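**Student:** model the structure of this input:
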Amino acid sequence: MGNIGFQEILIILFFLGIIFGIVMLIKTVTNTKSTNNNYMFCSNCGQQIDDSSSFCLKCGAAINITNQSTTYTDNPYEDARFDWLTTALLCFFLGGLGVHSFYTKKTGIGVFQLLTLGGCGIWALIDFITILTGSFTDGNGNTLHKK
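**Tutor:** Got it, this is the predicted structure:
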């Protein structure tokens with residue numbers, strides 16, 4: 001009675017994956033990012049920041065407010081963002097293994113998806129839907145880039 005078998009461990013990991021997938025879905029749905037198009041990008045780390053910020057919340061770098069015309073440009077790290085189509089295809093074909101999470105530098109989630117086989121496909125389906133709707137973010141919190 002005290003021994004836990006391999007099947008019991010897989011069942012526990014499966015349900016943990018489903019719970020974690022539901023939590024991530026709720027977090028994605030309730031994400032309240034600013035819809036203001038006047039945003040800036042940190043010149044130090046590339047993180048998108050609110051136009052009223054005086055420093056980057058991610059790296060703590062001070063924002064140059066005196067020359068705002070140069071801070072309202074496109075993201076200088078645009079090429080570093082992950083491709084939307086590549087992520088969608090990886091999720092569709094290999095989502096149960098979490099390959100799309102590894103690709104977008106979400107390694108912790110990727111390992112958990114690998115262990116639970118994408119929450120038996122449910123978590124991969126949720127990720128695929130969020131990729132298609134444009135609300136999926138990479139490991140740095142940036143949205144995917146449509147080339």
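
**Student:** give me the three-state assignment for Ile4.
**Tutor:** Three-state assignment for Ile4 (DSSP: H, G, I helix; E, B strand; the rest coil): coil.

**Student:** in this structure, what helix or strand scores lowest on average pLDDT?
**Tutor:** One helix or strand of the chain scores below all others by mean pLDDT, DSSP states H and E: helix 68-71, with a mean of 42.

**Student:** other residues contacting whichever helix or strand comes after it?
**Tutor:** Per DSSP states H and E, the first helix or strand lying C-terminal to helix 68-71 is helix 84-94. The list of residues contacting helix 84-94 from outside it, by C-beta atoms under 8 Å, 6 or more residues apart in numbering, reads 99-100, 103-104, 124, 127-128, 131-132, 134, 136, 144-147. Placement of C-beta: from N, CA and C, glycine included.

**Student:** so where do the strands sit in this protein?
**Tutor:** Secondary structure of the chain by DSSP state E: the strands cover 39-41, 48-50.

**Student:** out of those, deepest packed?
**Tutor:** strand 39-41 (a mean of 20; mean count of other C-beta atoms under 10 Å).

**Student:** flag the shaky bits of this structure, pLDDT-wise.
**Tutor:** Counting by pLDDT under 70, the chain shows low-confidence ranges at 1-2, 21, 24-39, 64-80.

**Student:** leaving out chain neighbours, which residue sits closest to Arg81?
**Tutor:** Closest residue to Arg81 apart from its sequence neighbours, by C-beta to C-beta, 6 or more residues apart in numbering: His145 at 3.9 Å.

**Student:** also Lys147?
**Tutor:** Nearest one to Lys147, counting by C-beta to C-beta, 6+ apart, is Asp83 at 6.0 Å.
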